[in-house]
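**Student:** Predicted model and sequence follow; I will ask about them next.
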Amino acid sequence: MHAGAALLPLVLDRVSYAIDGTPLVSELSVTLQAGSRTVILGPNGAGKSLTLRLCHGLLRPTSGSVRWAGAFSGEPMRRQAMVFQRPVMLRRSALANVAYGLKLAGMAKRERDDRARAMLDRVGLLALADRAARSMSGGEQQRVALARAWALQPEVLFLDEPTASLDPAAARAVEAIIRAIHEAGTKIVMTTHNLAQARRLADEILFLDRGRLIERTPAEQFFRAPTTPEATSFLREESI
Amino acid sequence: MYDLGAAFVAALRLIGGLDPGLLGIVALSVTVSLSAVAIAAVLGLPLGAAVALGRFPGRRGVIVTLNALMGLPPVVVGLFVYLLLSRAGPLGSLGLLFTPGAMVIAQAILITPIVAALARQVVEDAWAEYQEQLRSLGAPPRRALWTLLWDTRFSLVTVVLAGFGRAAAEVGAVIIVGGNIEGVTRVMTTAITLETSKGDLPLALGLGLILMTLVLAANTAAYAIKEAAQRRFG
């Protein structure tokens, strides 16, 4: 799917992020490789969303470095995408929303409309292509957001609590799309506070607590027997 | 004491009879104010959006200044433009003083800050919502600015019409730089001023009624556009 040199791996080297001197992410060092689905777990305020934004480049670390270590040289934003908890729909049709990112990438009108249509088809919304995006339901909007991100054929897709504001049925639909995006060759990095969802989607877990990376374990092992007491108590509390 | 009822009837008769003098005044008013609002929109909307998105030293000062300029007294603007355009002024050679062009310039100066300040607020609110998404999609600042202007277009129509209302209703600036010359620079507000002082209430009242109707119609249109757009685009 990706022609040419790769962006990944993503190397975070002692990344810290503070606001007004209050550390929110501390000394985070981790290397994210292509292929697997990485799910970031942790209690509220652990720094999950901040970590995603630091990885994606929306925030600059206060200290430390975020580096794409692959051979790709160029604007890294073009090769990655992010889906937010609350999708931001532009005041235009669903189709135009998906085509917007392609337009920014410099794709010609006819080509981007074709691609946008194909992407809406993949998320099951082709019939609503001409509907005003903001008049759609929350679940539909999130699927448009996924189509918009997917259309860019990102090497990495970051998802910040993509189903947190959705009902179970809509959440399932979103999960299915995330799976399809992964199967098409995109690295997935997402946060969730839904443990069942993490079980369904994760290949590996990054467990954060109070801004620190506590544990990194394959998902299957994490849910069976986490290696740190923090993760153990988190799983126990969350499963009550 | 003038009989108000009689004046009112006479006013309606003037309007109903499509009095050519009256129509000329109305047409000039609308032309001047629409030209001014067009200039103010072209300058003020991008300016407001740029201030909304920009992070530069002195930004707060610019915002406060823009907001303060919304209350710019029309007579002061009139005086300023008069000095610029008068024969001895820096732009005197253009020969614009006492022409509709001078009135357009004065009104544009008057309402550009209004359009810019209100647009800044609208765009800044939208930016708070869109910022991460647009940056994530790789929108460079200039593109983000146009996207925000386009996405807030229905709110901005209201902003521009507020500017139009202000321009059409002001008298202080146009009377100084236009001179209220009959058939050349006489607009509704200056005519009302003159006719009232002369005691010709029917014409003054008739123009007043038309002015009110015009401003009301503009605002009704703005409201309708926004309503319809919100239903259509959310």
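**Tutor:** Cool, got the structure.
**Student:** helices and strands around the helix or strand hosting B:Thr190, which ones?
**Tutor:** Secondary-structure element containing B:Thr190, defined by DSSP states H and E: helix B:188-198. Using 3 or more C-beta pairs under 8 Å, 6 or more residues apart in numbering or on different chains; DSSP states H and E as the contact criterion, the neighbours of helix B:188-198 among helices and strands are helix B:20-53, helix B:153-169, helix B:172-178, helix B:201-233. Just so you know, the C-beta spots here come from the backbone N, C-alpha and C atoms, and that holds for glycine as well.
**Student:** low pLDDT regions in chain A?
**Tutor:** Counting by pLDDT under 70, chain A contains low-confidence ranges at A:1-4, A:240.
**Student:** Give me the buried stretch members for the helix or strand encompassing B:Tyr82, please.
**Tutor:** When elements are assigned from DSSP H and E, B:Tyr82 belongs to helix B:74-85. With burial defined by 16 or more other C-beta atoms under 10 Å in any protein chain shown, the residues of helix B:74-85 counted as buried are B:Pro74, B:Val77, B:Gly78, B:Leu79, B:Phe80, B:Val81, B:Tyr82, B:Leu84, B:Leu85.
**Student:** Can you check the pLDDT for the first one?
**Tutor:** Confidence per residue is given as pLDDT, and for B:Pro74 that number is 96.
**Student:** wait, B:Val184 sits on B:Phe98?
**Tutor:** Yes - applying C-beta atoms under 8 Å as the test, B:Val184 and B:Phe98 come out as touching, 7.4 Å apart.
**Student:** the more surrounded of these two?
**Tutor:** Taking other C-beta atoms under 10 Å in any protein chain shown, B:Val184 and B:Phe98 do not tie; B:Phe98 has more neighbours (19 against 13).
**Student:** In this structure that one contacts B:Asn180, no?
**Tutor:** No - in this structure B:Phe98 lies outside contact range of B:Asn180 using C-beta under 8 Å: 9.3 Å.
**Student:** coming back round to it: return the set of buried residues in the helix holding B:Thr190.
**Tutor:** B:Met188, B:Thr189, B:Thr190, B:Ala191, B:Ile192, B:Leu194, B:Glu195.
**Student:** Just give the closest residue to the residue of chain A found nearest chain B, not the sequence neighbours.
**Tutor:** Minimum separation of chain A from chain B (C-beta to the nearest C-beta) falls at A:Arg134, amounting to 2.5 Å. Leaving aside its chain neighbours, A:Arg134 sits nearest to B:Gly234 (2.5 Å; criterion: C-beta to C-beta, 6 or more residues apart in numbering or on different chains).
**Student:** same question, B:Gly206
**Tutor:** Spatial nearest neighbour of B:Gly206, chain neighbours left out: B:Ala11 (3.6 Å); criterion: C-beta to C-beta, 6+ apart.
**Student:** for the host helix or strand of that neighbour, packing partners?
**Tutor:** Using DSSP H and E, B:Ala11 sits within helix B:4-16. Here helix B:4-16 touches helix B:201-233, going by 3+ C-beta pairs under 8 Å, 6+ apart.
**Student:** Just want the angle from the helix it packs on to helix B:4-16.
**Tutor:** For helix B:201-233 against helix B:4-16, the angle between stretch directions is 60 degrees (axes from the mean of the first three to the mean of the last three C-alpha atoms, to 10 degrees).
**Student:** A:Tyr17 in helix, strand or coil?
**Tutor:** A:Tyr17 carries the three-state label strand when classified by DSSP: H, G, I helix; E, B strand; the rest coil.
**Student:** Let me know the distance separating the closest residue to it other than its chain neighbours from A:Leu54.
**Tutor:** For A:Tyr17, ignoring the flanking residues on the chain, the nearest one in space by C-beta to C-beta, 6+ apart is A:Val25 at 4.2 Å. Note on A:Val25: its distance to A:Leu54, by C-beta to C-beta, to the nearest Å, is 7 Å.
**Student:** Next: B:Ile176.
**Tutor:** The value you get for B:Ile176 to A:Leu54, if C-beta to C-beta is used, is 58 Å.
**Student:** check contacts around residue 32.
**Tutor:** In the absence of a named chain, chain A is used. Neighbouring residues of A:Leu32 by C-beta atoms under 8 Å, 6 or more residues apart in numbering or on different chains: A:Leu8, A:Pro9, A:Leu10, A:Leu12, A:Thr38, A:Cys55, A:Val156, A:Lys187, A:Val189.
**Student:** my question was about chain B
**Tutor:** Counting by C-beta under 8 Å, 6+ apart, B:Val32 makes contact with B:Pro100, B:Met103, B:Val104, B:Gln107, B:Ala167, B:Val174, B:Val187.
**Student:** which ones are touching whatever residue of chain B ends up closest to chain A?
**Tutor:** Ranking the residues of chain B by distance to chain A (C-beta to the nearest C-beta) places B:Gly234 first, at 2.5 Å. By C-beta under 8 Å, 6+ apart, the contact set of B:Gly234 is A:Met89, A:Arg91, A:Ala132, A:Ala133, A:Arg134, A:Ser135.
**Student:** want to throw these into TSV with secondary structure and neighbour count?
**Tutor:** Shown next, in TSV, are those (DSSP: H, G, I helix; E, B strand; the rest coil; neighbours: other C-beta atoms under 10 Å in any protein chain shown):
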residue	secondary structure	neighbour count
A:Met89	coil	25
A:Arg91	coil	21
A:Ala132	strand	21
A:Ala133	helix	26
A:Arg134	helix	18
A:Ser135	helix	17
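**Student:** Could you identify the most distant pair in those?
**Tutor:** The largest separation in those, counting by C-beta to C-beta, is between A:Arg91 and A:Ser135 at 10.1 Å.
**Student:** which residues do these two both contact?
**Tutor:** Shared contacts of A:Arg91 and A:Ser135 (C-beta under 8 Å, 6+ apart): B:Phe233, B:Gly234.
**Student:** you'd agree A:Phe158 is in a strand?
**Tutor:** Yes - the assignment for A:Phe158 (three-state DSSP) places it in a strand.
**Student:** Could I get the contacting residues of it?
**Tutor:** By C-beta under 8 Å, 6+ apart, the residues touching A:Phe158 are A:Leu52, A:Cys55, A:His56, A:Gln80, A:Ala81, A:Met82, A:Val83, A:Val189, A:Met190.
**Student:** The second one against A:Val66, yeah?
**Tutor:** The reference is to A:Cys55. Yes - between A:Cys55 and A:Val66 there is a contact under C-beta under 8 Å: 6.3 Å.
**Student:** Give the intersection of the neighbour lists for the two.
**Tutor:** With C-beta under 8 Å, 6+ apart applied, the overlap between the contact sets of A:Cys55 and A:Val66 consists of A:Leu10, A:Leu12.
**Student:** The two: who's more crowded?
**Tutor:** A:Cys55 (24 against 18).
**Student:** contacting residues around the more buried one?
**Tutor:** A:Leu10, A:Leu12, A:Leu32, A:Val66, A:Phe158, A:Val189.
**Student:** doesn't the fourth one fall inside a helix?
**Tutor:** No - if the criterion is three-state DSSP, then A:Val66 is strand and not within a helix.
**Student:** For it, which residues count as its bridge partners?
**Tutor:** Beta-bridge pairing of A:Val66 under DSSP bridges involves A:Leu12.
**Student:** I'd assumed A:His56 was in contact with it.
**Tutor:** No - taking C-beta under 8 Å as the contact criterion, A:Val66 and A:His56 are not neighbours in contact, 9.1 Å apart.
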